[in-house]
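**Student:** for reference, the sequence and a predicted model appear below.
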2 protein chains.
Amino acid sequence: MSDFSASLKPAEPPAPRILAAERANTNIDVGRLSHHLLHRNGFRERQRRIVDVLENHPLFSKKNNLNMSRPERFHVGLARAKELRRISRRYGWSEDDDRVAEYLLDEVSPFALSNTMFLASLRQQCDDEQRAYWLPKIENWEIVGCYGQTELGHGSNVRGIETEARWNPEGRGYVLHSPHLTAAKWWNGSLGRCANHAVVVAQLMLPDENGVMKSYGPHQFIVQVRDMKTHKPLEGVVIGDIGPKYGYASMDNGYMLFKNFRIPSSALLAKYSRVTESGKYIKPEKPATVYGSLTYARAQIIMQARLVLARAVTIAVRYTLIRRQFRDRDALPNAPEEAVLNYPTVQIRVLPLLATTFALHYTGEAMNEIYSSTRARIEKHNDFSKIAEMHASSSGLKSLCTTLAADGIETCRRALGGHGFGGGSGIISLNNDYLSKPTVEGDNYMITQQTASYLIKRMQKCVKEPSATGTDDADRAFLDFLRTRDRIPEFDVLHSDRDLVAAFQFRASLLAHQAYQARIEEKTPWKRMLIRLHRLSNAHCQAVLVANFYNALATQTPQLGQTTHNVMHALFRLYALSTLEKQAADFLIAGVLLPSHLEGLSSQLQTLLDTVRVHAAALVDAWDIPDYLLSSSLGRYDGDVYSSLFRVAHEENPLNMHTFNSDWRSEEIIMGEGEEHARNRIMALVHGSFGHEQSSPVTSKL
Amino acid sequence: MSDFSASLKPAEPPAPRILAAERANTNIDVGRLSHHLLHRNGFRERQRRIVDVLENHPLFSKKNNLNMSRPERFHVGLARAKELRRISRRYGWSEDDDRVAEYLLDEVSPFALSNTMFLASLRQQCDDEQRAYWLPKIENWEIVGCYGQTELGHGSNVRGIETEARWNPEGRGYVLHSPHLTAAKWWNGSLGRCANHAVVVAQLMLPDENGVMKSYGPHQFIVQVRDMKTHKPLEGVVIGDIGPKYGYASMDNGYMLFKNFRIPSSALLAKYSRVTESGKYIKPEKPATVYGSLTYARAQIIMQARLVLARAVTIAVRYTLIRRQFRDRDALPNAPEEAVLNYPTVQIRVLPLLATTFALHYTGEAMNEIYSSTRARIEKHNDFSKIAEMHASSSGLKSLCTTLAADGIETCRRALGGHGFGGGSGIISLNNDYLSKPTVEGDNYMITQQTASYLIKRMQKCVKEPSATGTDDADRAFLDFLRTRDRIPEFDVLHSDRDLVAAFQFRASLLAHQAYQARIEEKTPWKRMLIRLHRLSNAHCQAVLVANFYNALATQTPQLGQTTHNVMHALFRLYALSTLEKQAADFLIAGVLLPSHLEGLSSQLQTLLDTVRVHAAALVDAWDIPDYLLSSSLGRYDGDVYSSLFRVAHEENPLNMHTFNSDWRSEEIIMGEGEEHARNRIMALVHGSFGHEQSSPVTSKL
């Protein structure tokens, strides 16, 4: 819209100049640091190449995303997913390229499950014949698949699922059936409107020796659920989309019920379990070890968490450097207003999260390393020594790291002040989508039991047969602890990095030992221990994060040059000490921190915040989040915050296309549309026009 | 849709029976407790009466809310606001009725600012002539107003605003002007598409004795900004809606720029400041004390916070009572799965928040009491003794209480597991809207400075002239502290309620004394103290919440009968001890808690959780949140969770009206619509059809 606003500029100083000055104020070699963080698998080059394609393609513009309804987001999401597929074919993109494209588009694809969980299940569970039949169909995108495990009444507890696959006495396969409403498959991504095939997890029901049907537990079946031509569900299957969610608007998480739905005997994925022609169950041989693949998957979650958090921190750092608010109370009356990031109450929220992105990075890297080296060691020497511990830690790390990222995003958003509540923040959909992570793939409170349980077992071994313990870090730490616990060692956490790392480990060992005593010696009921088990897992994982960061200071960051190395050292201490301060009670109780240390801790934290503050602009630049991904007026690289906020509102807000009738006496909404027209239109919106097939709000807008 | 799913029922036991059993399992007199909590101003009766109107009116159905786009939400929001106005006239609703209707509709009205901030400003700032002219227009709804203070580049710091009102040398009024883009009014509710009038805050620019224009600081002006007939902005004004936000979809938060826009001299609200006909400024006499109105407003925020949190807790308690997940590790193999609320890791998250709703209640009540009694005392005896402290506390309490509620909502949501991410939780829009609260009306980190600053001054007075101190609770506590600090008193927090209250006060006093020493004695720069000032304010306000809850146990809850009183006592201890545990480091450092207490603290907390768990269903019932407001399949009163989740997805999801073409080779989206049609439709969505006046996605859907 051309009006007098077109000639107005933001007040001095121009925000871009502020950011430029901040960048000029540091000697960090941003390119080198960026390469250090993101070189794996050619990520930066790949990202640049793919961002170029996406941001120049009109279908991938994000400018109206926050204005669309959930159904509209799905329609557009499906169109984008298809176009991405076509582009991928045209450019010959690899699977890694496809993944980076989805990351940059920042919208989960309605096809997402097909080439991930669906494909992975079939790869792992098919026998040779099934592989030969199914895999080419998926790899060539002839079918769209999904993974149907979770049910309306049953989440993580797979053994509780209700869907039944009953052996058909006529010997021609199985009958899938949902005995209750709670047996409805639920949440399954890509199922709601897209998938024509599903891997369905169902109780395998076979006749026992007396002919009575009995469950042999949950098994996987490959099932066609929609007609390939009409795309309608097959007879005997009810399928739909479960409706709007916090995030994931473009994904059709679905539900599915079966009524005596027949499937062939070849539907049972038969690599491990099999059923004879007469309906006899053949027990799986011990499944081949896929040991480590969970570690790999969890490493990916942590690597994703670091980039997600880096995105929020990038926005928070850039904007709070630019934003001016109030003068210091002690300043002269005509002093300029202070940059928000100069306030310690903002620093203490944002800068430890900046440090956390690096902590997450080095632990993700460590897990990747262990995965690779262990694969090699297993293949060459059958040596499993390191993987077990990492494998056990991975549950707790998933829990801690996704919680850190999810909470960190919201902390960053609130640090933005009022504009953090607006669409220009770029944090709304980031938050909404990521809030699924603390729950999916293992609820963050439930899964810490696995880590704690492992630690209790290791502690038991260290107590009972110390000479039989392995070379796990946990064992070594536990043995150290058992040797020294009578006289608590002194930890100079304020001056020695090594002591700081050791203090985290000592506290984790102490909690492990207390849990061991409670469970093994005093036979405390497991349920009564859940709160402390969760704390134990977190304490252990914090020690892992601190140790991996510390190790990187010895082996990796010196190569980045002295300035950068020094800043990384400050980030390490900031991460460790701010974590220690948040958990101070634990450390005080453990005796590794004394109340008299606390004053020194606060002042050292402030010194670290001051150091990191100087380099903050450069440090977030190093994470190299493209503006296209940030999609944030507040966080854009050039810093032109206010012009961007205004332009987006004034030029791209569909609500500003109409003049509204604000007179309450009239039912008219848009000026000139008339009262009756408005009334009908509004009622159609309020009731979703449901029941008027093919004349819904979605299609009739054409 | 009629298909075989219609005859399916959830698996046993039926969820409604579970809730009924929980309700039968407690002797709490829910009706009496509910009356106790909600009798003020006839709230319950009013709520029942108005819910009846709303839930039977088709325009107020919420079923499609989560499916609508942001522009659609605004269209519908405007239609609902107008209809509410008409209904209010028809039924003769009072202002309280209107407010409860908006609360139950749970959607901020595009008219919301007109009868609140706009009206309140005019009431406070108009001279008699202005009052006579403007107030009837607003009270009769002849005009729609808004309050234009915040600017694009300027939030809480009113002195920094850029909009100018320059004295017009021709002597006929002022010229409103926006010198920069950052001067754009921004965020102002009701402005974007609705308001035809605004109170505009602008720098009053008058010529000094040398004829040079100079600012006399921000002043308020009443300004017509839209034509009353065409509803278009007047010439020289640019107005629009700022676009999508985290929540508040139905509100048109707006922006506004002026270009040499003339307004009459009568536009300056002239109760306090005036300008003569020759442009000379007449300084305000000391403005009449509106002392206490802030306390009243903040009491309302806390009373709102308790109901908002009660809503989330109601959903969390009911659903986690119903949901079964896993068996206890120590249970027999065929034991039924455990109710999720039986897990201590769920209890420790949800039940202290249930206790917090009551803590918030008694502090909100106490502030209301102080407000009423102080008004009376001021009017009768000119006695301000209590109000100063409460007034000073109110900033800190706004900060602490809105943070507790905002964080508590998300904690409840995560406790719901997977279904907490779905629309059926009823927590999505609750969270999205409420997330504004930690920032608006004073950022929760900035405003705690006011409370801390007051406490430092009181401590200084207590140290320097103890005999001159008043009767403030803070003074008494500070004097006590100064008398005893050399030998830390013993606090038996685990067995004595009085000691528990005193321990909170001791810690707050200690922090106040340390802050006093740092600032007054050691002259520490204010900025360097911000983190500890925030902590001081929180510690003080936690002590206030604990003390008010404790006082209510003595004066109010005994009337509720022994059973209920005992449960309220457990809730008090749960709130106080769980808060103490979260802040354990502070209490350890203060020496009022010893590491040896910690084991006992954990076990007492578990006992309290067990007690409260028994009565949880009844306690949330007492908050009397109607199903219409909850709008939650998981939290509905009858507990019929799974049928509701399924029915809503299967019968009310517009996405399930269409069959989609999931073949990536085709650009068609809905089966049968054709590729070209789909392509045009999708591109219109992606680009918001901007520029095609009157053929936007919003209107053309008719």
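**Tutor:** Arrived safely, thanks for sending.
**Student:** tell me the pLDDT at A:Tyr291?
**Tutor:** On the pLDDT scale, A:Tyr291 is placed at 55.
**Student:** how long is stretch A:166-177 end to end?
**Tutor:** Taking CA to CA, to the nearest Å as the measure, stretch A:166-177 stretches 8 Å from start to finish.
**Student:** quick one: find the helix or strand in chain A with the lowest mean pLDDT.
**Tutor:** Every helix and strand in chain A was compared by mean pLDDT, DSSP states H and E; the lowest is helix A:473-484, with a mean of 87.
**Student:** using CSV, write out every CA atom in the helix or strand just after that helix.
**Tutor:** Where DSSP states H and E defines the elements, the next helix or strand beyond helix A:473-484 is helix A:497-516. The C-alpha trace of helix A:497-516 is given here as CSV (Å, rounded to 0.1, in the frame of the first residue of the first chain):
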residue,chain,number,x,y,z
ASP,A,497,37.6,-26.9,35.2
ARG,A,498,38.6,-30.4,36.1
ASP,A,499,37.0,-30.1,39.6
LEU,A,500,33.9,-28.6,38.0
VAL,A,501,33.5,-31.7,35.8
ALA,A,502,34.3,-34.0,38.8
ALA,A,503,31.8,-32.2,41.0
PHE,A,504,29.0,-33.0,38.5
GLN,A,505,30.1,-36.6,38.4
PHE,A,506,30.4,-36.8,42.2
ARG,A,507,26.8,-35.5,42.6
ALA,A,508,25.5,-38.0,40.0
SER,A,509,27.4,-40.8,41.7
LEU,A,510,26.0,-39.9,45.1
LEU,A,511,22.5,-39.9,43.8
ALA,A,512,23.1,-43.2,42.1
HIS,A,513,24.5,-44.6,45.3
GLN,A,514,21.5,-43.4,47.3
ALA,A,515,19.1,-44.9,44.7
TYR,A,516,21.1,-48.2,44.9
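**Student:** circling back to that earlier point, for the least confident helix or strand of chain A, buried residues please.
**Tutor:** A:474-475, A:477-481 (16 or more other CB atoms under 10 Å in any protein chain shown). The way it works is simple: take the backbone N, C-alpha and C, and place the C-beta from them, glycine included.
**Student:** quick one: it to helix A:497-516, angle?
**Tutor:** With axes from the mean of the first three to the mean of the last three CA atoms, to 10 degrees applied, the angle from helix A:473-484 to helix A:497-516 works out at 90 degrees.
**Student:** quick revisit: and of the buried residues of helix A:473-484, the nearest to chain B?
**Tutor:** For those, the residue nearest chain B by CB to the nearest CB is A:Phe481; the value is 17.9 Å.
**Student:** how confident is the prediction for the nearest residue to the closest one once chain neighbours are set aside, by pLDDT?
**Tutor:** In space, and not counting its chain neighbours, A:Phe481 is closest to A:Ser509: 3.6 Å by CB to CB, 6 or more residues apart in numbering or on different chains. As predicted, A:Ser509 sits at a pLDDT of 96.
**Student:** how close does A:Ser509 sit to chain B?
**Tutor:** 17 Å (CB to the nearest CB, to the nearest Å).
**Student:** and A:Val567, by the same measure?
**Tutor:** Distance of A:Val567 to chain B, given as CB to the nearest CB: 22 Å.
**Student:** who's in contact with that residue?
**Tutor:** A:28, A:611-612, A:615, A:619 (CB atoms under 8 Å, 6 or more residues apart in numbering or on different chains).
**Student:** burial measure for the residue nearest to A:Phe481, as a count.
**Tutor:** A:Ser509 is flanked by 27 other residues according to other CB atoms under 10 Å in any protein chain shown.
**Student:** my read: it touches A:Leu479, true?
**Tutor:** No. Assessed by CB atoms under 8 Å, A:Ser509 is found out of contact with A:Leu479, at 9.4 Å.
**Student:** list phi and psi for A:Ser596.
**Tutor:** phi -70, psi -20 (degrees, to the nearest 10).
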